[in-house]
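Asks: Next comes the sequence, and after it the predicted model I'd like to discuss.
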Amino acid sequence: MTRTTILWHRRDLRLSDLPALTAAREAGAVIPVFIRERKVDALGAAAAWRIGLSLEAHGKELEGVGSRLILRAGDALEVLRALVKETGAEAVYWSREYDPVSIERDSEVKAALREDGVEAKSFPGKLLWEPWEVKTGQGTPYKVFSPMWKTMKGEAPGEACPRPRTLDAPGSWPESESLDDWALGAAMRRGAGVVSRHAVVGEKAAQERLRDFVTERMHNYPKGRDMLAEHWTSGLSENLTYGEISPRQCWNAAEGEGSETFRKELAWREFGWQLGFHFPHMFEREWREEWSRFPWKDDERAAEVKAWKQGRTGVEVVDAAMRELYVTGTMHNRARMIVASYLTKHMMTDWRVGHDWFADTLIDWDEASNALGWQWTAGCGPDAAPYFRVFNPASQAEKFDARGDYRARWLGKGEDARSFYDAVPKRWKLEPGQDRPETPVVGLDEGRKAALAAYENRDF
């Protein structure tokens, strides 16, 4: 007889290169489980909708290897204890998460299950290296990206775990709740139908996306990745977010021209999680404590903030980017920096206002990358751009959208531009043909001067 292991899925919805699954399969029968617990219920509208699609796709992948995905809602420990009792499982395995809420939850679960006599074990899989493995020469965590990258780029993350052809099933399956009943996409309302045309969902699609990028676009990635209207990026942030593909698979597939730049972006994602693990205050407040006294405005209901969210600031590239976000659930990385700089510097608005808006609207929302990116742009974060570096949206557009194709796509009269009006909340009362402001809600020169004055007069 072999034992039964519960595989507790979180954001690791794949079969290949999943160490927790490999270990569970070697031990015997596997019961894959996803729990709708407090972290899932706390997800923003877009992320909750998108994880529902990932769960559906992963369930089908499991069926293809003779298994199934069990869905349960409730407190994680209570659900796991109930499943252990129902199934006679002797072990619970899972992939590690590194944010403070997950660490606290997982520590509690591990201690309680072990006290119950159940083997409880966590595994790597989310990152290339565990946060405690990459250290400076003094044995401390890196606080600056460049030296960390120099250390990482010469290392190999090892070979990926193979995808199982079959999974042994338990003698009987426990009952599962219904994904339809969960209605994870309810908060997306009519926007779901628009964004769904752009989402690339599931492990199979993620692998195809990686192959396409490596063979067709990676060679020009170093030069092309900042061009707003051109398709030179990988798009894999969406799939990495839900663990539909592993960073190790992405790293190992990248060989040849452009691979170092691509791997460097994977390392930047790694940097965010290293920092979040060692310095968890980054998720909620300024990395540089003295910046807590900076005079940002925090009224998310202010007229200029509303205009920013709605893509109606009067600054073309900012408005185009915010509309791209609402239609696709993602945004070009260069555009993210532009809109973040405009909000935090020209508008002098607290970075958390933008951080929270992205958390609600991005389908590739990653907790560490979001916090790191906003603080980096605002100037209060680790290894941040200096506060006096104020992105000029006009010059950014001239450099990275010289022909205006990106702005035309999202502000013109084409299908993508019209889709924005189908996706936004009806309460916004926006209709096609409505003109954007003729002048910016905050002028570019005016905003830059105000930001620099505030920086020069700061009390720290």
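Replies: That came through, no problem. Not measured: the values here are computed from a predicted model.

Asks: make it CA atoms for all contacts and neighbour counts henceforth
Replies: Will do.

Asks: quick one: residue 351 from residue 134, how far?
Replies: Residue 351 is 29 Å from residue 134, where distance means CA to CA, to the nearest Å.

Asks: Between the two, which is the more surrounded one?
Replies: Under the criterion of other CA atoms under 10 Å, the comparison of residue 351 against residue 134 puts residue 351 first, with 27 against 17.

Asks: and the closest residue to the more buried one other than its chain neighbours, what does it touch?
Replies: Using CA to CA, 6 or more residues apart in numbering and skipping the chain neighbours, the partner closest in space to residue 351 is residue 344 (5.7 Å). Contacts for residue 344 were tallied using CA atoms under 8 Å, 6 or more residues apart in numbering; they are 296, 350-351, 378.

Asks: Now do the strands in the chain.
Replies: Using DSSP state E, the strands assigned to the chain run over residues 3-9, 28-36, 70-73, 91-95, 119-123.

Asks: Now do the second one: which elements does it pack against?
Replies: Packing contacts for strand 28-36, counted by 3 or more CA pairs under 8 Å, 6 or more residues apart in numbering; DSSP states H and E, involve strand 3-9, strand 70-73.

Asks: how about these, which one is nearest residue 129?
Replies: strand 3-9 (19.6 Å; CA to CA).

Asks: Provide the angle between the direction of the closest one and the direction of strand 28-36.
Replies: Put simply, strand 3-9 runs at 30 degrees to strand 28-36, going by axes from the mean of the first three to the mean of the last three CA atoms, to 10 degrees.

Asks: Please enumerate residues in contact with strand 3-9?
Replies: For strand 3-9, the surrounding residues in contact (CA under 8 Å, 6+ apart) are 20-21, 24, 27-35, 84, 87-95, 170.

Asks: One more pass at 7 Å, please.
Replies: Under the criterion CA atoms under 7 Å, 6 or more residues apart in numbering, residues 21, 24, 27-34, 89-94, 170 lie in contact with strand 3-9.

Asks: Now the buried members of those.
Replies: Buried members of those, scored by 16 or more other CA atoms under 10 Å, are 21, 24, 28-34, 89-94, 170.

Asks: Any chance of JSON lines for the strands of the chain, columns distance to residue 273 and mean pLDDT?
Replies: Output for these, formatted as JSON lines (distance: least, CA to CA, whole Å; pLDDT from 0 to 100):
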{"stretch": "strand 3-9", "distance to residue 273": "19", "mean pLDDT": "98"}
{"stretch": "strand 28-36", "distance to residue 273": "23", "mean pLDDT": "98"}
{"stretch": "strand 70-73", "distance to residue 273": "27", "mean pLDDT": "98"}
{"stretch": "strand 91-95", "distance to residue 273": "15", "mean pLDDT": "98"}
{"stretch": "strand 119-123", "distance to residue 273": "16", "mean pLDDT": "98"}
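
Asks: Out of the contacts of residue 344, grab the one that's most surrounded.
Replies: Within the contacts of residue 344, most neighbours by other CA under 10 Å means residue 378, with 29 neighbours.

Asks: quick one: residue 407 from residue 419, how far?
Replies: For residue 407, the distance to residue 419 - CA to CA - is 15 Å.

Asks: what's the answer for residue 384, then?
Replies: 35 Å.

Asks: try residue 256
Replies: Distance from residue 256 to residue 419, by CA to CA: 38 Å.

Asks: Which one of the two is surrounded by more residues?
Replies: residue 419 (21 against 10).

Asks: So that one is in contact with residue 328, correct?
Replies: No - in this structure, residue 419 is not within contact of residue 328 by CA atoms under 7 Å, at 9.6 Å.

Asks: picking that back up, residue 397: which of the helices and strands packed on strand 28-36 is closest?
Replies: strand 3-9 (41.5 Å).
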